[in-house]
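Novice: next one to model:
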Amino acid sequence: MKNLKKQRRIQVLSLAAIALVVSTALIGYAMRDGINFFRAPSEIAAEPPSPSEVFRIGGLVEEGTLVRGQGETVRFSVTDGGATIPVTFTGVLPDLFDENQGMIGTGQYVNGVFEATEILAKHDETYMPKEVIDALKDQGVYQEPGES
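Specialist: The predicted structure follows:
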């Protein structure tokens, strides 16, 4: 009787361990496409990612580069003060998207151009995404809101 309880306990613990390993593997597999790494324009210029990698780019929309093309295609450049990356986006831009404003885009870097699938813009006059602020501080060009 004692051996039967011990054997049953070992079986239950083994099944629990296997279930834990399988569930961890499934969660990791499901999340592999859902994680987008953030990169500043300077990082992209220094080490260009592969064309198949989806990531986020952030910075300021460079003044004088916003060009609305045929249909819904928009071209502009994103800068962090250290480097400038050209961006194309097909779709409707957020209402608050403008030159000299913070933005984050999701997409791929193909042939020297970031092809965005999603563009996010600031939501009020003082907001800027943390990643963009950090990248601008690293370049030494960030100014606190209210400073000229």
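
Novice: all strands of the protein, in order?
Specialist: For the chain, the strands defined by DSSP state E occupy 37-39, 55-61, 67-68, 73-79, 84-90, 102-110, 113-121.

Novice: okay, now the sheet partners of the shortest one, with direction.
Specialist: Here strand 67-68 is paired, per DSSP bridges, with strand 73-79 (antiparallel).

Novice: do you know the pLDDT at the residue nearest the centre of the chain?
Specialist: Among the residues of the chain, the one closest to the centroid is Arg56, at 2.5 Å (Cα atoms, centre = their mean). The confidence metric pLDDT takes the value 90 at Arg56.

Novice: which residues touch it?
Specialist: Arg56 is in contact with Asn36, Phe37, Phe38, Arg39, Ile104, Gly105, Thr106, Glu131, counting by Cβ atoms under 8 Å, 6 or more residues apart in numbering. Every C-beta, even on glycine, is put in place using the N, C-alpha and C of the backbone.

Novice: and the third one, bridged to which residues?
Specialist: Read it as Phe38. Here Phe38, judged by DSSP bridges, has bridge partners Arg56.

Novice: just give me the neighbour total for it.
Specialist: 17 (other Cβ atoms under 10 Å).

Novice: now do the contacts for it.
Specialist: Phe55, Arg56, Ile57, Gly58, Ile104, Glu131.

Novice: quick one: mean pLDDT for the top helix by length along the chain?
Specialist: As assigned by DSSP state H, the longest helix anywhere in the chain is helix 2-31. On average, the pLDDT along helix 2-31 is 90.

Novice: how far does that helix sit from the chain's center?
Specialist: The chain centre lies 36 Å from the centre of helix 2-31; the measure is Cα atoms, centre = their mean, to the nearest Å.

Novice: domain-wise, how is the chain divided?
Specialist: Under the assignment automatic domain parsing, the domains of the chain span 1-35, 37-139.

Novice: so where's this protein uncertain?
Specialist: Scanning the chain for pLDDT under 70 picks out 1, 33-36, 122-128, 143, 145-148.
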